[in-house]
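Colleague: Below is the structure, and that's it, no one-letter string:
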């Protein structure tokens, strides 16, 4: 049974991006946040008292936890298919200019992007059609259609005649709001969404020449980008081990964090109810970073797995998370860099998917031969991703 732990940063946190970096070649190393599950798992694993050779550890997270004076709130990535709409005012002066729409923090409700319907009369004069798309090609995601007989609507899949799109919601949402989204309910409260609760801090590194006031020509100057979580915000993760309060090293440069056990995690039991696929559920929300092999034979990674092409209708996502990389300083090279699908990605299927439980490559794609040391997949590595709960999907209609 996994137990939840709050992880409070005692200083800035540094998680470098996967782009190859060397002070001699480039002077700027960017950061990534939130960290990948593996990074947080290794920090918790370092203080477990279990026998690491015989007992299999399981992990979930990391997510964001906000502590207030009265409660704790679980925050999760906002679904990528949500758009903000606002009721148009009869007074033209109260309607903002087009260039200022994205800066609005107020909206009436949220709607969901919809797959393009080529049979709709709205698109009859557009110079494209289903015949112009390749076989099993994903349909574009567009704003929902406008209702013919209603000025204001309450359905996430349609807009009223007096409602106009005013941008996207903030990147983090309360778990309670995500539950309502998965149930197909309308979302009306902007307070359920939040900007990234951290600030970026640039850390310069300068090495001077001996007995001179000059920077070294090689490895003399470079910068790194760290993050500092705002007051009241923490990471939260679960592991199937009992731990006391302790301090761990988290991320690069030896920065530390305080880990404290939690009695429970708000709304998590309700979230788990959506992890089971069903034949009547055709919409999937990605909770943790996933890995999609778009071309298994060439080991090319993208947003959608190649094995889903016949079943997938459309999807809404963002830039992939590049993670991994090889190092010349290790006896055994690290895993090659891969493009992980970001959490919050939404998939729409043509029908329910009973057999899909997570977004990870299938074990059948792993070559049986062990002669090549540079093979892409390995059964043990895939089992590790499964035990760390990469690619968890939440299902809805």
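Modeller: Nice, I can see it. Since this is a predicted model, take the numbers as computed values, not measurements.
Colleague: Identify the residue spatially nearest to residue 107, adjacent ones excluded.
Modeller: Once flanking residues are discounted, residue 107 sits nearest to residue 84: 3.8 Å by CB to CB, 6 or more residues apart in numbering. All C-beta atoms are positioned from the backbone trio N, CA, C, and that covers glycine.
Colleague: Who are the contact partners of the one you found?
Modeller: 104, 107, 109-110, 165-169 (CB atoms under 8 Å, 6 or more residues apart in numbering).
Colleague: what about 6 Å?
Modeller: 107, 166-167, 169 (CB atoms under 6 Å, 6 or more residues apart in numbering).
Colleague: tally of neighbours for residue 231?
Modeller: 7 (other CB atoms under 10 Å).
Colleague: no wait, residue 286
Modeller: 27.
Colleague: Now do the same for it: its pLDDT.
Modeller: Residue 286 carries a pLDDT value of 98.
Colleague: Enumerate the beta-bridge partners assigned to it.
Modeller: residue 393 (DSSP bridges).
Colleague: just checking, it touches residue 345?
Modeller: Yes: assessed by CB atoms under 6 Å, residue 286 is found in contact with residue 345 at 4.3 Å.
Colleague: pLDDT below threshold where in the stretch 201-350 of the chain?
Modeller: 205-222, 296-297, 325-336 (pLDDT under 70).
Colleague: now with 90?
Modeller: 202-225, 252-254, 278-279, 293-301, 306-307, 309-310, 322-339 (pLDDT under 90).
Colleague: Break down it into its strands, ranges please.
Modeller: Ranges of strands in the stretch 201-350 of the chain, per DSSP state E, counting those that start in this stretch, are 221-229, 233-239, 246-249, 256-261, 283-286, 292-295, 300-302, 312-316, 321-323, 338-340, 346-349.
Colleague: Check which helices and strands the last one sits against.
Modeller: To tie it back to what came earlier, the one meant is strand 346-349. strand 283-286, strand 312-316 (3 or more CB pairs under 6 Å, 6 or more residues apart in numbering; DSSP states H and E).
Colleague: deepest of the ones you listed, which one?
Modeller: strand 283-286 (a mean of 24; mean count of other CB atoms under 10 Å).
Colleague: For that one, name the packing helices and strands.
Modeller: strand 346-349, strand 393-396.
Colleague: May I see the ones you listed organised as CSV, with distance to residue 299 added?
Modeller: Shown next, in CSV, are the helices and strands packed on strand 283-286 (distance: least, CB to CB, whole Å):
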stretch, distance to residue 299
strand 346-349, 21
strand 393-396, 22
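Colleague: do you know how far residue 346 is from residue 388?
Modeller: Using CB to CB, to the nearest Å, residue 346 is found at 22 Å from residue 388.
Colleague: Which among the contacts of residue 84 count as buried?
Modeller: The neighbour count (16 or more other CB atoms under 10 Å) marks 107, 166-167, 169 as buried among those.
Colleague: I'd like those as a markdown table, with secondary structure and distance to residue 318 appended.
Modeller: Output for the buried ones among the contacts of residue 84, formatted as a markdown table (DSSP: H, G, I helix; E, B strand; the rest coil; distance: CB to CB, whole Å):
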| residue | secondary structure | distance to residue 318 |
| --- | --- | --- |
| 107 | coil | 20 |
| 166 | coil | 20 |
| 167 | coil | 15 |
| 169 | coil | 14 |
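Colleague: ok, so of those, who is nearest residue 115?
Modeller: residue 169 (20.3 Å; CB to CB).
Colleague: ok now do the closest one, which residues does it touch?
Modeller: 78, 82, 84, 193.
Colleague: For the closest residue to it other than its chain neighbours, which residues are in contact?
Modeller: Once flanking residues are discounted, residue 169 sits nearest to residue 193: 4.7 Å by CB to CB, 6+ apart. Residues counted as contacts of residue 193 (CB under 6 Å, 6+ apart) are 169-170, 173.
Colleague: Let me know how buried residue 257 is, in neighbour terms.
Modeller: Neighbour number of residue 257 under other CB under 10 Å is 22.
Colleague: Show me what it is bridged to.
Modeller: If you apply DSSP bridges, the partners that residue 257 bridges to are residue 9, residue 248.
Colleague: any idea how far residue 346 is from it?
Modeller: Using CB to CB, we find residue 257 at a distance of 31 Å from residue 346.
Colleague: Am I right that residue 266 is in contact with residue 76?
Modeller: No: using CB under 6 Å, residue 266 is not in contact with residue 76; the gap is 11.5 Å.
Colleague: Neighbour count for the two, which is higher?
Modeller: residue 76 (22 against 16).
Colleague: element containing that one, please.
Modeller: Residue 76 is part of strand 72-77, with elements assigned from DSSP states H and E.
Colleague: Hmm, residue 391 and residue 285 touching each other?
Modeller: No: applying CB under 6 Å as the test, residue 285 and residue 391 come out as separate, 11.8 Å apart.
Colleague: which residues sit in contact with the residue most central in space within the chain?
Modeller: Against the mean C-alpha coordinate of the chain, by CA atoms, centre = their mean, the closest residue is residue 343 at 2.0 Å. Neighbouring residues of residue 343 by CB under 6 Å, 6+ apart: 77, 286, 288.
Colleague: Considering those, which is situated nearest to residue 317?
Modeller: residue 286 (8.3 Å).
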